[in-house]
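Chemist: Here is the input, now give the coordinates:
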Amino acid sequence: MLLRILGTAAGGGVPQWNCACPGCSGARRFPSRRRLHDGLALHGARPDEWFLVNATPDIAEQLESHSDLRPADEHARTPVVRAVLTDAELDHTLGLLRLREAARIEVWCTRPVRAALEHRLNLTDVLAPYTGLVWNELPSGDARQPARIAGLDVSGVELSAKRPRYAADDDAHPAWSVGLRVHDTRSGRRLLYAPAVATWSDALEQALAGTDCALLDGTFLDEDEPRRTGISSRTATGMGHLPILGPAGTAHRLRGTGAHIYYTHLNNTNPLVDPDAPEHTRLAEAELNVAHDRMVREL
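Modeler: Numbers count the residues shown, from 1 in each chain. Okay, here's the model as predicted:
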């Protein structure tokens, strides 16, 4: 499979329009530091068969930044867009509205995510005059057969019952936020994508076993970052994201997994948005990496 990283930033991107923190100010001075909202595109056996993982507000710019995701010639259009959603957060779903020029949008997501998008955001009704929206259930849990999308086997890893704010009073469900397991049965290679990790669970541990490459939640560097930078009165875990460093962090858990690990979904307050930050060296010494926009990797 071929992995294209469309963006690596948490909500708001880097720079965030209303912020002048060091990360945002640095990205305004040095455009190479800019990061679009976190998202992926995955190719299966054929280069013209691909699907999105999440559809961000930056989706048009993200697709344009990869020539192989554009229409093939001057008269062609992209007739069908396929998107797999890890949750119902606005940062991962608003791009569906930007894709309305497609003849059909095929979406895979879990049941609570679909319910929120249909009944809270009225997505089906809003898009109906523009395009056909086809819903498919994303299987999650070990007993479910994976979905076959663009020649790849895709399934969800139930990670959290964390709901988006607009659906805060909806029923709790373990599949509100999932990671994605992607298996290329031709090569045997496996990818795990989990941009929001609220707790370190047995399900996540099992999903990491045998994974060749994993892109994981790197929203905050340490537990106190949200409070220290003034963006919240809560800690990183209180906001639903395990930090990278510290006793509650993921870095020490990931050593020795045998997988190529990349952190993604970086908040604008995270020092790692600066490529010259010394924390990069610390992670590299532990064989951990930070993903960057427009990165391409073949698995």
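
Chemist: When you work out contacts or count neighbours from here on, use the C-alpha atoms and nothing else.
Modeler: OK.

Chemist: In contact with residue 87, which residues?
Modeler: The neighbourhood of residue 87, defined by C-alpha atoms under 8 Å, 6 or more residues apart in numbering, consists of 109-110, 113, 176-178.

Chemist: repeat for residue 100
Modeler: By C-alpha under 8 Å, 6+ apart, the contact set of residue 100 is 127, 130-131.

Chemist: Pull out the buried members of those.
Modeler: 127, 131 (16 or more other C-alpha atoms under 10 Å).

Chemist: now the contacts of residue 100 as TSV including distance to residue 118 and secondary structure?
Modeler: Listed next are these as TSV, based on distance: C-alpha to C-alpha, whole Å; DSSP: H, G, I helix; E, B strand; the rest coil:
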residue	distance to residue 118	secondary structure
127	11	helix
130	16	coil
131	15	coil
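
Chemist: Which single one of the contacts of residue 100 is nearest to residue 228?
Modeler: Of all the contacts of residue 100, residue 228 sits closest to residue 127, with 41.0 Å by C-alpha to C-alpha.

Chemist: right, and the closest one touches residue 121 too?
Modeler: No: when contacts are counted by C-alpha atoms under 8 Å, residue 127 is not listed as touching residue 121 (10.8 Å).

Chemist: on that earlier part again, let me know the closest of the contacts of residue 100 to residue 4.
Modeler: Distance to residue 4 across the contacts of residue 100 (C-alpha to C-alpha) is lowest for residue 131, with 25.6 Å.

Chemist: Please name the residues that touch the closest one.
Modeler: By C-alpha under 8 Å, 6+ apart, residue 131 lies in contact with 100-105.

Chemist: mind running it again at 6 Å?
Modeler: With contact taken as C-alpha atoms under 6 Å, 6 or more residues apart in numbering, residue 131 is in contact with 100, 103-104.

Chemist: Now residue 227: which helix or strand?
Modeler: The secondary structure element spanning residue 227 is helix 225-228 (assigned by DSSP states H and E).

Chemist: about what we covered before: which one among the contacts of residue 87 gets closest to residue 25?
Modeler: Closest to residue 25 out of the contacts of residue 87 is residue 177 (31.1 Å), distances taken as C-alpha to C-alpha.

Chemist: Please work out how many residues are found near that closest one.
Modeler: Here the neighbour count serves as a burial measure; for residue 177 (other C-alpha atoms under 10 Å) it reads 29.

Chemist: Phi first, then psi, for the nearest residue to residue 43 once chain neighbours are set aside.
Modeler: Closest residue to residue 43 in three dimensions, ignoring its sequence neighbours and counting by C-alpha to C-alpha, 6 or more residues apart in numbering: residue 50, at 4.3 Å. Geometry field for residue 50 lists phi and psi as phi -150, psi 160, criterion degrees, to the nearest 10.

Chemist: Help me confirm that residue 50 comes into contact with residue 63.
Modeler: No: counting by C-alpha atoms under 6 Å, residue 50 does not reach residue 63; the two are 11.6 Å apart.

Chemist: More neighbours: which of these two?
Modeler: For residue 50 against residue 63, the residue with the higher neighbour count under other C-alpha under 10 Å is residue 50, and the figures read 24 against 15.

Chemist: need the contact list for that one.
Modeler: By C-alpha under 6 Å, 6+ apart, the residues touching residue 50 are 42-43, 150.

Chemist: Tell me the one of those nearest residue 68?
Modeler: Within the set of these, residue 43 lies nearest residue 68; the separation is 10.1 Å, counting by C-alpha to C-alpha.

Chemist: who does the closest one bridge with?
Modeler: residue 2, residue 50 (DSSP bridges).

Chemist: count of neighbours near it?
Modeler: Around residue 43 there are 22 residues (other C-alpha under 10 Å).

Chemist: shouldn't it be in contact with residue 4?
Modeler: No: under the criterion of C-alpha under 6 Å, residue 43 lies out of contact with residue 4, with a separation of 8.3 Å.

Chemist: Can you tell me which of the contacts of residue 131 is nearest residue 279?
Modeler: Proximity of the contacts of residue 131 to residue 279, judged by C-alpha to C-alpha, is greatest for residue 100, which lies at 40.6 Å.

Chemist: which stretches of the protein form helices?
Modeler: 22-29, 59-64, 90-93, 95-98, 111-115, 123-127, 202-208, 225-228, 251-254, 279-285 (DSSP state H).
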